[in-house]
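**Q** Fold the following and give me the result.
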Amino acid sequence: MVLDASVEVRGAVVYGSLTVMLVIMPVFFLTGLAGSFFRPLAMAYVLATFASLVVALTITPAMSLLLLPGRSDRRREAPLVTLLKKPYRGALPALISRPFWALAGLGGLLAATLLTVPFLGEEFLPKFQEYDFLMHWVEKPGTSLEAMDRITIRASKELRAIEGVRNFGSHIGRAEVADEVVGPNFIELWISLDRNVDYPRKVADVSLLPAPNEVKRENASRRIDVTCNVRDRDLGAVARDIESRVGQLQFDRGYHPEFLGEYAAQQQSRRRMAGMGLIALLGIVVLLYSEFRAWRLVLLAMLSFPFAVIGGLLGVWLGGGSLSLGSLVGFVTVVGIAVRNDIMMLSHFRHLEEQEGMEFGDQLTVRGAEERLAPILMTALTAALALLPLAVGGNRPGHEIEYPMALVILGGLLSSTLMNLFLVPSLYRAFGRVRRPPALDDAAD
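**A** Next comes the predicted model:
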């Protein structure tokens with residue numbers, strides 16, 4: 001019995017896990033600061049998925065043979081599963097008999113959700129709630145160590161006198177074998193702020209003083225940097241306003257503006273993820289066709305994408321309504337989980353028809369969906385429980401990247417699980433029948 005069960009789910013588990021690993025691949029091609037943040041997360045996710053696949057194919061069947069009781073003619077289920085199956089079994093026939101209502105409902109939900117996208121804000125990386133920062137202090141070359149020591153002590157006294165400054169530390173210069181070699185005229189100050197104090201924003205007098213000129217060049221051309229920080233508005237809206245205003249200006253011959261910074265990096269990362277996402281999508285289609293050998297089943301499995309998007313966008317709105325790179329990574333992650341659940345459901349329908357000889361129809365669909373209720377719920381609940389502390393904890397310091405990502409994944413898990421359990425059986429009953437060529441039927445006989 002253990003061998004039969006392992007063989008039944010082997011294909012779905014392998015193709016589902018490969019899909020999950022493939023869908024996260026675009027994250028590995030992020031560059032710059034975004035890549036530094038998200039590539040380690042993607043690597044850990046892929047390695048964990050691969051390890052779970054190996055365990056599911058080898059250790060789990062072996063441990064089942066050793067630890068589970070001998071074969072019994074009676075199938076016993078957990079009380080909670082029995083309790084959930086009863087209303088689920090009662091609701092399925094009504095849904096299965098109305099597939100076009102299911103399609104209309106899905107289309108309406110997706111359209112209503114997508115209509116909210118233009119109102120979302122845009123951020124590259126979240127606003128980090130950091131209360132510890134470094135300050136570099138550079139004096140004239142040749143300044144003595146004693147003078148730098150006096151300057152540091154004075155800076156320490158003045159900074160610690162400001163309300164809200166909790167700790168102060170410093171070091172002067174660097175060792176010769178350090179990663180950053182500087183002279184004794186260089187001071188690095190470490191300042192910690194009390195998060196509970198509304199510390200003064202103005203901590204210094206500002207004045208114009210003569211200083212050495214610096215001529216910056218890039219690609220054999222002079223350049224001048226004009227920078228600004230964004231507050232109380234999302235990065236995308238401010239960047240588009242600036243581009244619109246600057247685009248109306250007339251520049252002399254030989255002068256032209258270039259828009260760089262976080263917004264440009266955000267757009268570059270999105271384009272890169274979109275391009276690699278299309279390649280990953282093609283790979284997913286190939287995997288799905290290798291599993292099902294029928295385009296209509298591939299299309300049914302691809303419905304996981306809108307399933308996940310609906311709840312994922314709800315998670316974005318709950319997180320403040322700004323679409324950051326962390327949110328996009330969350331979408332990528334939850335799509336993989338949703339596709340895997342769809343594969344598990346559709347593969348079981350096929351197994352009942354081709355291996356157990358059930359006739360395609362309502363009875364097969366109800367039985368297949370009912371038998372996949374517990375595995376799909378366990379998959380979704382396991383992922384949700386792991387992410388729940390991040391979502392409940394809120395946007396705390398240190399969770400600025402994981403918090404929006406967790407909300408998107410939780411929302412996508414909710415919508416994709418519900419639609420996988422209630423809409424996929426209805427759509428499979430209406431569109432999932434595959435007529436195999438006579439040659440294949442003869443070979444099966």
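
**Q** can we go C-alpha only for contacts and neighbour counts from here?
**A** Fine.

**Q** Report the helix or strand with the lowest average pLDDT across this structure.
**A** When each helix and strand of the chain is scored by mean pLDDT, DSSP states H and E, helix 438-444 comes last, with a mean of 47.

**Q** so where's the stretch 101-250 of the chain uncertain?
**A** Along the stretch 101-250 of the chain, the parts satisfying pLDDT under 70 run over 175-180, 199, 201-204, 206, 211-213.

**Q** Helices of that one, residue ranges please.
**A** 145-160, 235-247 (DSSP state H, counting those that start in this stretch).

**Q** Generate JSON lines for the ones you listed, with mean neighbour count as supplementary columns.
**A** As requested, these are arranged in JSON lines below (neighbours: other Cα atoms under 10 Å):
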{"stretch": "helix 145-160", "mean neighbour count": "14"}
{"stretch": "helix 235-247", "mean neighbour count": "14"}
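
**Q** Tabulate these (TSV), appending distance to Trp295.
**A** What follows is those, written out as TSV (distance: least, Cα to Cα, whole Å):
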stretch	distance to Trp295
helix 145-160	68
helix 235-247	39
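
**Q** for those, which one sits closest to Met358?
**A** Between Met358 and the helices of the stretch 101-250 of the chain, the shortest gap by Cα to Cα is with helix 235-247, which sits at 54.8 Å.

**Q** quick one: that closest one to chain centroid distance?
**A** In terms of Cα atoms, centre = their mean, to the nearest Å, the centre of helix 235-247 is found 27 Å from the chain centre.

**Q** Kindly state the domain boundaries assigned to the chain.
**A** Using automatic domain parsing, the domain ranges for the chain come out as 2-125+263-444, 132-225.

**Q** So which residues of this protein form strands?
**A** For the chain, applying DSSP state E gives strands covering 121-122, 132-138, 165-172, 186-193, 216-218, 221-223, 322-323.

**Q** and the ones you listed, which is most packed in?
**A** For these, ranked by mean neighbour count under the definition mean count of other Cα atoms under 10 Å, the leader is strand 322-323 at a mean of 22.

**Q** Who are the packing partners of it?
**A** Judged by 3 or more Cα pairs under 8 Å, 6 or more residues apart in numbering; DSSP states H and E, strand 322-323 is in contact with strand 121-122.

**Q** Give the partner strands of the strand it packs on in its sheet and their orientations.
**A** Taking DSSP bridges as the criterion, strand 121-122 forms sheet pairs with strand 322-323 (parallel).

**Q** Can you give the contact residues for the partner strand?
**A** Contacts of strand 322-323 from elsewhere in the structure, counted by Cα atoms under 8 Å, 6 or more residues apart in numbering, are Leu120, Gly121, Glu122, Glu123, Asp234, Val316.

**Q** Next one: the fifth one from Met276, what distance?
**A** In this case it means Asp234. When Cα to Cα, to the nearest Å is the yardstick, Asp234 and Met276 sit 26 Å from each other.

**Q** on that earlier part again, so which of the domains of the chain is nearest Val238?
**A** domain 2-125+263-444 (9.4 Å).

**Q** residues contacting Thr31?
**A** For Thr31, the contacting residues are Ser269, by Cα under 8 Å, 6+ apart.

**Q** could you check the distance from it over to Ala265?
**A** The spacing between Thr31 and Ala265, counted by Cα to Cα, is 9 Å.

**Q** Just give the closest residue to Met25, not the sequence neighbours.
**A** In this structure, Met25 finds its nearest non-sequential neighbour in Ala280, 7.1 Å apart by Cα to Cα, 6 or more residues apart in numbering.

**Q** pretty sure that neighbour is in contact with Met21, am I right?
**A** No - when contacts are counted by Cα atoms under 8 Å, Ala280 is not listed as touching Met21 (9.8 Å).

**Q** Against Arg10, how distant is Met21?
**A** With Cα to Cα as the criterion, Met21 and Arg10 are 17 Å apart.

**Q** sorry, back to before: and of the domains of the chain, who's closest to Arg240?
**A** Proximity to Arg240, assessed across those by Cα to Cα, is greatest for domain 2-125+263-444 (9.2 Å).

**Q** gap between that closest one and the chain center?
**A** Counting by Cα atoms, centre = their mean, domain 2-125+263-444 comes out at 14 Å from the chain centroid.
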